[in-house]
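**Q** could you work out the structure for the sequence below:
(one chain, ligands or ions: 2)
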Amino acid sequence: QREDEQGEKTAPPSHQLSFIGARCCVQSNKRCTVIGGSGFLGRHLVEKLLERGYSVSVFDIRQSYELPGVTFYQGDLCDKRTLLPALQDVSLVFHCASPAPGSDNRELFERVNILGTRTVIEACVEAGVQKLVLTSSASVVFEGTDIKNGREDLPYAKKPIDYYTQTKIEQEKLVLAACDTEKNFLTVAIRPHGIFGPRDPQLVPILVDTARRGKMKFIIGDGTNLVDFTFVENVVHGHILAAEHLRPSSPICGKPYHITNDEPVRFWDFMSEVLMGLGYAAPRYHLPYTLVYGLALLLWLLALVLRPLVSFKPTFTPMRVALAGTHHYYSCERAKQDMGYKPVIGLKEGITLTVQSYPHLRRGA
Ligand SMILES: NC(=O)C1=CN([C@@H]2O[C@H](COP(=O)(O)OP(=O)(O)OC[C@H]3O[C@@H](n4cnc5c(N)ncnc54)[C@H](OP(=O)(O)O)[C@@H]3O)[C@@H](O)[C@H]2O)C=CC1
Ligand SMILES: CC(C)=CCC[C@@H](C)[C@H]1CC[C@H]2C3=C(CC[C@]12C)[C@@]1(C)CCC(=O)C[C@@H]1CC3
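**A** Ligands and ions are numbered 1, 2, ... in the order given. Down below sits the predicted model:
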């Protein structure tokens, strides 16, 4: 393999002759793979990368769309043999695959987020990838109690709120520890919070489902708790900035970065705005936080005990109640300083774009 001035690989992928034509005009340092590129964030990232002249491959357990210029590789990231072909002749990898937080499946989270991330790192090193950008989560420092303007130097949660968060912590530690400037393998972690936007399969659909079942009448606590919600395009912007600033001399090597809309908002105001935008009533009646949290904890324990006999998924899990009833917003000062981050879409515009993108979830649709 030859190397260009930046030490990036230049050889064309021998196993993909049909794509050489499409890739020949793309600078070698603009060849990247998005692991988890079929998902919500991943697909938005792929679309923006293409717009910016990157040549993109996607590795995902499923293929959810087709796009001209994107090569799809389908497989489980825990399987190095399936993953390796997707990383050949690529200098940059984004890792934004994870099981959905709602699955609450400890074994799955441990396998994909911990063992799988180890596999991703090994495969990147083996394939000669130079940059790995991980999608972590700001929740790695959240323990279910207030965080106001939290910076990246907050310690990892000692008692993470769920298995998802617990394994996101281990995942981030693995990726950041793998950063090795001498071996020219550079890593960085992006910690978004509350991603929303068109095609999000979680936030708006859960909210609307809850409203349709008549359960969106209550505000947990006094309703003044501030939270970060981040429009998906800002998260994408943060990832691309990180990738483009990741050089051996850069301060960002081996560090985590909060990426948010930088506009903390009352959790219940955000929910109300989305709900009303879609034609549903905003929640009005207040319930004490500790009462709802206690009930959610009881329900969760009951579901755990009864799991061998009946399976039910409570709407009010302790994790959701904590997310809905506490302050959790983060400073993105470090991202501003080290990589010139600034949100590209404001919260209000983000909400409008999101609401417009869900005509099928409107009341009465
Ligand atoms: N959404 C949010 O608010 C936040 C998300 N994040 C992080 O951002 C990242 C992207 O999240 P988001 O886009 O919302 O999630 P999605 O579930 O939409 O996307 C994740 C993708 O990864 C795929 N995947 C899961 N397991 C594997 C596997 N073993 N091998 C290959 N692919 C796999 C999923 O497939 P399938 O759907 O079939 O499982 C899916 O296509 C995640 O790492 C998440 O932890 C962080 C903070 C907030
Ligand atoms: C800021 C942040 C981390 C958001 C993450 C997204 C989800 C965890 C939320 C999206 C919809 C939310 C929601 C609730 C909890 C948190 C969400 C799932 C409730 C279940 C909280 C209790 C209620 O009264 C109903 C809410 C429905 C929407």
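**Q** in this protein, which helix is the longest?
**A** Ranked by residue count under DSSP state H, the longest helix found in the chain is helix 289-306.
**Q** ok, now which ones touch the closest residue to ligand 1 within the chain?
**A** Proximity of the chain to ligand 1 (Cβ to the nearest ligand atom) peaks at Gly39, 1.9 Å away. The way it works is simple: take the backbone N, C-alpha and C, and place the C-beta from them, glycine included. Gly39 makes contacts with 60, 64, 96-97, as judged by Cβ atoms under 8 Å, 6 or more residues apart in numbering.
**Q** of the residues you listed, which is the nearest to Gln88?
**A** Asp60 (16.9 Å; Cβ to Cβ).
**Q** I figured the closest one hits Thr71, correct?
**A** No - the pair Asp60 / Thr71 is not scored as a contact, 11.8 Å apart, by Cβ atoms under 8 Å.
**Q** between the two, who's got more neighbours?
**A** Asp60 (23 against 19; other Cβ atoms under 10 Å).
**Q** now that one: closest residue in space, sequence neighbours ignored.
**A** Distances taken as Cβ to Cβ, 6 or more residues apart in numbering place Ser38 nearest to Asp60, at 3.8 Å, with adjacent residues excluded.
**Q** from what I see, that neighbour and Phe59 are in contact.
**A** No - shown here, Ser38 and Phe59 do not form a contact pair, counting by Cβ under 8 Å, at 9.0 Å.
**Q** comparing these two, which shows the higher neighbour count?
**A** Comparing Ser38 with Phe59 by neighbour count (other Cβ under 10 Å), the higher total belongs to Phe59, at 29 against 20.
**Q** next up, phi/psi of that one, please.
**A** Dihedral angles of Phe59 (phi, psi; degrees, to the nearest 10) stand at phi -120, psi 120.
**Q** need the nearest residue in space to it, chain neighbours excluded.
**A** Using Cβ to Cβ, 6+ apart, the closest residue to Phe59 is Ala86 (4.0 Å).
**Q** what's near enough to touch the one you found?
**A** 33, 35, 57-59, 73, 75.
**Q** what's next to the longest helix of the chain, contact-wise?
**A** With Cβ under 8 Å, 6+ apart as the contact definition, helix 289-306 has outside contacts at 218, 220-221, 311-314, 316-318, 320-322, 325-326.
**Q** what's the helix or strand for the residue nearest to Phe59?
**A** helix 80-87 (DSSP states H and E).
**Q** likewise Gly42?
**A** Residue-wise, Gly42 maps onto helix 40-51 under DSSP H and E.
**Q** close to ligand 2, is that helix?
**A** No - judged by Cβ under 6 Å from any ligand atom, helix 40-51 and ligand 2 are separated, with a smallest distance of 11.6 Å.
**Q** which helix or strand contains Leu149?
**A** One thing to correct before we go on: residue 149 is Asn, not Leu. Using DSSP H and E, Asn149 falls in strand 147-150.
**Q** what residues of the helix or strand that that strand is followed by count as buried?
**A** Next along the chain after strand 147-150, taking DSSP H and E as the criterion, comes helix 163-177. Using 16 or more other Cβ atoms under 10 Å as the test for burial, helix 163-177 gives 163-176.
**Q** give me the contacts around helix 163-177.
**A** Residues contacting helix 163-177 (Cβ under 8 Å, 6+ apart): 95, 98-99, 101, 103-106, 109-110, 112-114, 117-118, 121, 132, 134, 136-137, 139-140, 142, 156-157, 160, 187-189, 191, 254-256.
**Q** and stretch 107-126, does that touch ligand 1?
**A** Yes - counting by Cβ under 6 Å from any ligand atom, ligand 1 has neighbours in stretch 107-126: 112, 116.
**Q** sec struct for Leu132, please.
**A** Using DSSP: H, G, I helix; E, B strand; the rest coil, the secondary structure recorded for Leu132 is strand.
**Q** spatially nearest residue to it (excluding sequence neighbours)?
**A** Thr187 (4.6 Å).
**Q** helix or strand for that neighbour, which one?
**A** strand 186-192.
**Q** and Arg247, by the same measure?
**A** Of the helices and strands defined by DSSP H and E, none includes Arg247.
**Q** quick check: beta-bridge partners of the residue lying closest to it once chain neighbours are set aside?
**A** Distances taken as Cβ to Cβ, 6+ apart place Leu186 nearest to Arg247, at 7.3 Å, with adjacent residues excluded. Beta bridges link Leu186 to Lys131 when assigned by DSSP bridges.
**Q** what does the stretch 101-250 of the chain have sitting close to ligand 1?
**A** Counting by Cβ under 6 Å from any ligand atom, the residues of the stretch 101-250 of the chain close to ligand 1 are 112, 116, 135, 137, 168, 192, 194-195, 201-202.
**Q** among those residues, which ones are buried?
**A** 112, 116, 135, 137, 168, 192, 194-195.
**Q** any idea of the pLDDT on Pro318?
**A** Looking at Pro318, its pLDDT reads 87.
**Q** might one say that it is in contact with Gly144?
**A** Yes - using Cβ under 8 Å, Pro318 is in contact with Gly144, at 7.4 Å.
**Q** what is in contact with these two at once?
**A** Shared contacts of Pro318 and Gly144, counting by Cβ under 8 Å, 6+ apart, come down to Ile161.
**Q** what sits against the residue in the stretch 51-200 of the chain positioned nearest to ligand 2?
**A** Using Cβ to the nearest ligand atom, Gly194 is the residue of the stretch 51-200 of the chain that sits closest to ligand 2, at 2.9 Å. For Gly194, the contacting residues are 203, 227-230, 260, by Cβ under 8 Å, 6+ apart.
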